[in-house]
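In: model this:
(chains A and B)
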Number of protein chains: 2
Amino acid sequence: MQRYFLEEIYQPDEQIILSGEAFHHIVRVMRMTPKDQVYLVFKDQLAIRAEIIEINEDAVYLIEIEKEQTQKELPNTITIASGYPKGDKLDWIVQKGTELGAYAFIGFPAKTSIVKWDTKKRKKRQERLKKIAQEAAEQSHRQVAPQVELLENQQAFLECFSSYDVVLVAYEESAKQGELANLAKVFKELAVGKRILAVFGPEGGFTLEEIEVFIEKGGILCGLGPRILRTETAPLYLLSVASYQWELDH
Amino acid sequence: MQRYFLEEIYQPDEQIILSGEAFHHIVRVMRMTPKDQVYLVFKDQLAIRAEIIEINEDAVYLIEIEKEQTQKELPNTITIASGYPKGDKLDWIVQKGTELGAYAFIGFPAKTSIVKWDTKKRKKRQERLKKIAQEAAEQSHRQVAPQVELLENQQAFLECFSSYDVVLVAYEESAKQGELANLAKVFKELAVGKRILAVFGPEGGFTLEEIEVFIEKGGILCGLGPRILRTETAPLYLLSVASYQWELDH
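Out: Residues are numbered from 1 along each chain as shown, chains lettered A, B, ... in the order given. Predicted coordinates for the structure are as follows:
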């Protein structure tokens, strides 16, 4: 069943009126008619199954059938921060990361990042990634469509650390030195409702200087197992094991 | 450091002589010279760091410096079986699955699989996937280069079930019905050295009939969390959480 993310807060007992992009998709693309049903996800993460009761020139009218029962979001939010990787790897990280439950994505220029975008190109890229996140969120039945923010410099990135309860830094050298306990320790000890920032380097990894600054800012270094994971694979590992620890392991 | 998978069993205290493809790569592609070092992985999964002592017209001579210390392989083997998906998704499953520690890959025609390959095309595809697995194994510092087998029919697939200690079947309907405990239960109770077959459907999923046959053959249905994962994402989830359970969670 189709899934639409709305900008409004949920209001109980009201008829829902959709216009604009959702109207266009329901009526012109999907060619739905009265009695067809869709999922609607409100800004406050509440999702309902709704039935179309009327369609006119520029709006679709729906009524609520029932609230969606299953909790689809991780109990703690994980924001994935990637040092700009090469090519279209960020597309993959955002698509797959959204499926696996990421709350938001941040891109930032790491010391070894090769891509250089001017403001215009960066904004364009950001819009494209938002669209990928939205589509993946619909497809994977999320209750949140992740935000995507591409930052201009590392200063802006470091400033955002204080908005999180925990900052994890995936560090290959940790894995090489046999550090394999930090991730499980953090995930197990965390209460519910915390905000996690998980930081990943580009292909060339982080410099020692970057790692030192991350630690100074409160970052916890962690290894992701004994195999070397590519820059686009590591975030998927972290999100998968968060789901396992918090959603499956009872 | 470059990593080469050899067909030989490890022989202690001997000079190693490489010819053929490894010779070509070391001398012509990487342009290495005496005193350069490489990792060599033998058929019995033992890996050493070796130094080049001489290069002649058609062979490279190396001596062992030290054995690789870290265990890079999962303590139980996981073979990923995918009902043939569309496009180049199998390439991705093999590349990323190899990074995440898969022991082998099997492809088979599921009822809802759309691709139809004749024997020639299938064999060609199999060779290509083996190459992808080998390259990913080198890059992620594995001690095993995964085998890839593309099967002609579902009968051949079902016959292989008996070669495994545990058969897990990822089933979306399990997740929808809130089944979230089986995977963790199996992973936690497993002794070391077991062979696991993990079965994933194509985009259209498995039919009820297929699921019944899998169960009859001993398959255990399991959900992979509350979000709907794409056919190429689900195997990566399973491999990541296996690593977390067996390698990180002490």
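
In: which SSE is residue A:232 in?
Out: Under DSSP states H and E, no helix or strand contains residue A:232.

In: residue numbers of chain A in contact with chain B?
Out: Contacts of chain A with chain B, taken as C-beta under 8 Å from any C-beta of the partner chain, map to A:70-72, A:96, A:99-101, A:139-142, A:176, A:178, A:180-181, A:183-184, A:223-230, A:233, A:236-237, A:240-241, A:243-245, A:247-250. To be clear about C-beta, it is placed using only N, CA and C from the backbone, and glycine gets the same treatment.

In: filter those down to the buried ones.
Out: A:72, A:96, A:99-101, A:139-142, A:180, A:183-184, A:223-230, A:233, A:236-237, A:240-241, A:243-245, A:247-249 (16 or more other C-beta atoms under 10 Å in any protein chain shown).

In: let's see which of these end up in helices.
Out: Using DSSP state H, A:96, A:99, A:139, A:183-184, A:236-237, A:240-241, A:243 are the members of these that sit in helices.

In: the strands in chain A, which residues?
Out: Secondary structure of chain A by DSSP state E: the strands cover A:3-5, A:16-18, A:37-41, A:47-55, A:60-67, A:77-83, A:104-108, A:147-150, A:166-170, A:195-200, A:220-222.

In: so which of those is nearest residue B:88?
Out: strand A:77-83 (23.0 Å; C-beta to C-beta).

In: identify all contacting residues around that closest one.
Out: Residues lying outside strand A:77-83 but in contact with it, judged by C-beta atoms under 8 Å, 6 or more residues apart in numbering or on different chains, are A:90, A:93, A:97, A:101-110, A:112-113, A:157, A:164, A:194-202, A:206, A:231, A:235, A:238-239, A:242.

In: farthest pair in the ones in helices among the buried ones among the residues of chain A next to chain B?
Out: So, these by C-beta to C-beta: farthest apart are A:139 and A:184, at 29.9 Å.

In: picking up where we left off before, mind giving me the ChimeraX select for the contacts of strand A:77-83, buried ones only?
Out: A single ChimeraX command selects the buried members of these (16+ other C-beta under 10 Å):
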select /A:90,93,97,101,102,103,104,105,106,107,108,109,110,113,157,164,196,197,198,199,200,201,202,206,231,235,238,239,242
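
In: flag the shaky bits of chain A, pLDDT-wise.
Out: Low-confidence segments of chain A, defined by pLDDT under 70, are located at A:175-178, A:250.

In: mind splitting it into its structural domains?
Out: A:3-67, A:77-248 (the TED database).

In: burial-wise, tell me which of these comes out on top.
Out: For the domains of chain A, average neighbour numbers computed from mean count of other C-beta atoms under 10 Å in any protein chain shown are highest in domain A:77-248, which has a mean of 19.

In: take the ones in helices among the buried ones among the residues of chain A next to chain B and write them to a markdown table, including distance to residue B:47.
Out: A markdown table is the format used below for those (distance: C-beta to C-beta, whole Å):
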| residue | distance to residue B:47 |
| --- | --- |
| A:96 | 30 |
| A:99 | 34 |
| A:139 | 40 |
| A:183 | 25 |
| A:184 | 26 |
| A:236 | 26 |
| A:237 | 22 |
| A:240 | 27 |
| A:241 | 26 |
| A:243 | 32 |
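
In: what's stretch A:153-169 in contact with?
Out: Residues from elsewhere that reach stretch A:153-169 (C-beta under 8 Å, 6+ apart): A:79, A:81, A:106, A:108-111, A:151, A:182-183, A:186, A:190, A:194-199, A:206, A:210-211, A:213-215, A:217-222, A:238.

In: and it, how far from the chain's centre?
Out: 16 Å (C-alpha atoms, centre = their mean, to the nearest Å).

In: from the ones in helices among the buried ones among the residues of chain A next to chain B, which is closest to residue B:128?
Out: Using C-beta to C-beta, these come closest to residue B:128 at residue A:96, 22.4 Å.

In: surely that closest one meets residue B:233?
Out: Yes - Residue A:96 is within contact range of residue B:233, at 5.5 Å (criterion: C-beta atoms under 8 Å).

In: common neighbours of those two, please.
Out: Here residue A:96 and residue B:233 have residue A:236 as joint contacts, going by C-beta under 8 Å, 6+ apart.

In: circling back: mind putting the strands of chain A in a markdown table, distance to residue B:118 included?
Out: Formatted as a markdown table, these follow (distance: least, C-beta to C-beta, whole Å):
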| stretch | distance to residue B:118 |
| --- | --- |
| strand A:3-5 | 39 |
| strand A:16-18 | 48 |
| strand A:37-41 | 41 |
| strand A:47-55 | 44 |
| strand A:60-67 | 47 |
| strand A:77-83 | 41 |
| strand A:104-108 | 42 |
| strand A:147-150 | 43 |
| strand A:166-170 | 43 |
| strand A:195-200 | 42 |
| strand A:220-222 | 47 |
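
In: show me what contacts residue A:6?
Out: Taking C-beta under 8 Å, 6+ apart, one finds A:18, A:22, A:40-43 in contact with residue A:6.

In: give me that answer again for 10 Å
Out: A:16, A:18, A:22, A:40-43 (C-beta atoms under 10 Å, 6 or more residues apart in numbering or on different chains).

In: now do residue A:62
Out: A:4, A:15-18, A:26, A:34, A:36-38, A:40, A:48-55.

In: again with residue A:144
Out: A:5, A:41, A:43, A:45, A:72-74, A:77, A:98, A:101-104, A:133, A:137.

In: re earlier: nearest to residue B:147, out of the strands of chain A?
Out: It's strand A:166-170; of the strands of chain A, that one is closest to residue B:147 (C-beta to C-beta) at 29.3 Å.

In: what about residue A:158, distance to chain B?
Out: 27 Å (C-beta to the nearest C-beta, to the nearest Å).
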